[in-house]
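In: build the 3D model from these lines:
(one chain, ligands or ions: 2)
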Amino acid sequence: HRVRLADTGPNVFTEMSERAARHGAVNLGQGFPDTPGPEPVVASAIAALRAGHHQYPPVPGLPELRRAVADHQRTWYGIDLDPAREVVVTTGASEALAAALLALTGPGDEVVVLEPYYDAYAACVALAGAALVPVRLDPPGFTLDPAALRRAVTPRTKVLLVNSPHNPTGTVLPPAVLREVAELARAHDLLVVSDEVYEHLVYEGPPHQPLAALPGMAERTLTIGSAGKTFSFTGWKVGWATGPRDLVEPVTAVKQYLSFASGTPFQHAVADALRLPAGHFTGLRDSLRRRRDLLAAGLEAAGLRAHTPRGTYFVTADIRPLGERDGLEFCRALPARCGVAAIPHQVFHTDPEPGRPFVRFTFCKQEAVLEEAVRRLATLS
Ligand code: PMP
Ligand code: GLN
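Out: Numbering: from 1, shown residues only. Ligands and ions are numbered 1, 2, ... in the order given. Below is the predicted model of the structure:
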């Protein structure tokens, strides 16, 4: 079949999760927590089902969830949104990304992304018929050189697709770099799609800063969030996109022909989740920070070179100190070799070469699970 995708096989997350299951490995590949989100939010979902909320919600999402998303943006970032026109609920951040790229880009347009990039970016840009223009985050710290970003912009650039905190590297763009991104977008009149699904997972340094909050950015930025990351309900598939009406409307128009609408009971529950006290958000972050440090130390002890990230729930390890040179081969063998699964960076690169030595391990698992993974990894060297 002819589809606009270079590779139509199962993606890397599916492949590595299958290998993990086959070998009884500790799965530190696909990023999903092994403990549920807050109990009151589970109770809200059950109550929504019991209350009979079984039928289609409005296409752009339940009004109370759109209000909760808008209130969350105001409380945390001082961003003012009209919930009726500037918020659309989606089936995970995944649908928000797909609808945004299909609505806003097409043949002849270029979309600049930070490389390594989350695999859905390349797929959705391809589905839209646009061209992907990667800008490398430089190891070992996976920092963005704003000059490289400037060089990537051409008269065909339509969208800067930014992701901070960044999957897979864990990079959180510092305020000075965010200001340069904003300046570039303003100077070239670009749209920005800002994937901020890891907004609440920043462990030190300046807190998360949405691009939409910078001067001149509210009118050109579509911001994407997800209840999967913020509340540890990845299987609920509730996300959202926020921004000016002239961006949210076309995204909603496309969304209505992708999913039409997203699951009603979970929308009720996520509306309640977004109103949880700040302690929920900081508690999750603090617990993940401890687990990050545990995993990074374990990877170092196992002979890999670990990059401790400022954000997300992923540690990147350089496998060269083990005498390894190809992350994909390494990750394919790892479940059988020592009973752990991970994700290679190179599948998130257009040219895999610079990504080859790097492998991503998630730490959104219970401490005992991470300790077991670390014990198994110690048999590598
Ligand atoms: N963007 C990034 C950077 C992600 O890591 C993920 C989840 N892996 C998504 C989008 C998709 O989020 P969701 O599960 O809400 O569709
Ligand atoms: N966002 C998660 C990750 O990067 C899950 C991705 C997926 O399964 N598509 O691990």
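In: so what's the residue count around the closest residue to ligand 1 within the stretch 251-381 of the chain?
Out: Relative to ligand 1, the nearest point of the stretch 251-381 of the chain is T312 (7.6 Å; Cβ to the nearest ligand atom). The C-beta positions use only the backbone N, C-alpha and C, and glycine is treated the same way. T312: 29 surrounding residues under other Cβ atoms under 10 Å.
In: now do the strands in the stretch 251-381 of the chain.
Out: For the stretch 251-381 of the chain, applying DSSP state E, counting those that start in this stretch gives strands covering 305-307, 314-318, 340-341, 343-344, 358-362.
In: can the third one be said to contact ligand 2?
Out: This points to strand 340-341. No: shown here: strand 340-341 not in contact with ligand 2 (Cβ under 6 Å from any ligand atom), separated by at least 11.1 Å.
In: for the protein, which helix is longest?
Out: In the chain, assigned by DSSP state H, the helix with the most residues is helix 278-301.
In: give the other helices and strands that that one contacts.
Out: Counting contacts by 3 or more Cβ pairs under 8 Å, 6 or more residues apart in numbering; DSSP states H and E, helix 278-301 packs against strand 305-307, strand 314-318, helix 367-377.
In: pull the distance from the shortest one to the chain's centre.
Out: In this case it means strand 305-307. Computed by Cα atoms, centre = their mean, to the nearest Å, the chain-centroid distance of strand 305-307 equals 21 Å.
In: contacting residues for the residue in the chain positioned nearest to ligand 2?
Out: Residue nearest to ligand 2 within the chain: G31 (3.2 Å; Cβ to the nearest ligand atom). Counting by Cβ atoms under 8 Å, 6 or more residues apart in numbering, G31 touches 167, 234, 313-314, 362, 364.
In: of these, list those near ligand 2.
Out: Applying Cβ under 6 Å from any ligand atom to these, those adjacent to ligand 2 are N167.
In: any chance of the contacts of G31 in CSV with neighbour count as columns?
Out: Output for the contacts of G31, formatted as CSV (neighbours: other Cβ atoms under 10 Å):
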residue, neighbour count
N167, 26
T234, 17
Y313, 25
F314, 26
T362, 26
C364, 25
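In: any idea how far S164 is from D195?
Out: Using Cβ to Cβ, to the nearest Å, we find D195 at a distance of 8 Å from S164.
In: actually D82, not the one I wrote
Out: In terms of Cβ to Cβ, D82 sits 25 Å off from S164.
In: who has more neighbours, those two?
Out: S164 (27 against 13).
In: you'd agree the more buried one is up against E199?
Out: No: applying Cβ atoms under 8 Å as the test, S164 and E199 come out as separate, 9.0 Å apart.
In: common neighbours of those two, please.
Out: In contact with both S164 and E199: H208, using Cβ under 8 Å, 6+ apart.
In: related to what we said a few turns ago, confidence score at the residue of the stretch 251-381 of the chain closest to ligand 1?
Out: With respect to pLDDT, T312 scores 98.
In: can you tell if stretch 346-357 touches ligand 1?
Out: No: figure legend: stretch 346-357 not in contact with ligand 1 (Cβ under 6 Å from any ligand atom); closest approach 10.3 Å.
In: ignore the last one, stretch 133-147
Out: No: Stretch 133-147 does not reach ligand 1 (Cβ under 6 Å from any ligand atom); its nearest approach is 13.3 Å.
In: spell out which parts of the stretch 1-150 of the chain neighbour ligand 2.
Out: Within the stretch 1-150 of the chain, the positions adjacent to ligand 2 are 13, 30-31 by Cβ under 6 Å from any ligand atom.
In: just the residues you listed that are near ligand 1?
Out: With Cβ under 6 Å from any ligand atom as the criterion, the members of these in contact with ligand 1 are G31.
In: turn the residues of the stretch 1-150 of the chain next to ligand 2 into JSON lines, including secondary structure and pLDDT.
Out: Compiled in JSON lines, these are given as follows (DSSP: H, G, I helix; E, B strand; the rest coil; pLDDT from 0 to 100):
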{"residue": "F13", "secondary structure": "helix", "pLDDT": "94"}
{"residue": "Q30", "secondary structure": "coil", "pLDDT": "96"}
{"residue": "G31", "secondary structure": "coil", "pLDDT": "96"}
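In: list of residues touching the helix or strand hosting L65?
Out: Assigned by DSSP states H and E, L65 falls within helix 63-77. The contact list for helix 63-77 (Cβ under 8 Å, 6+ apart) reads 60, 79-84, 86-89, 199, 209-210, 212-213, 223, 225, 238, 240, 242, 267-268, 270-272, 274-275.
In: pLDDT of the next helix-or-strand element following it, averaged?
Out: As assigned by DSSP H and E, the chain's next helix or strand after helix 63-77 is strand 87-90. Mean pLDDT, strand 87-90: 98.
In: CA atoms of strand 87-90 as PDB?
Out: What follows is strand 87-90, C-alpha atoms only, in PDB (Å, rounded to 0.1, in the frame of the first residue of the first chain):
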ATOM      1  CA  VAL A  87      -8.800  25.100  23.800                       C
ATOM      2  CA  VAL A  88      -9.400  21.800  22.000                       C
ATOM      3  CA  VAL A  89      -9.400  18.500  23.700                       C
ATOM      4  CA  THR A  90      -7.700  15.700  21.700                       C
END
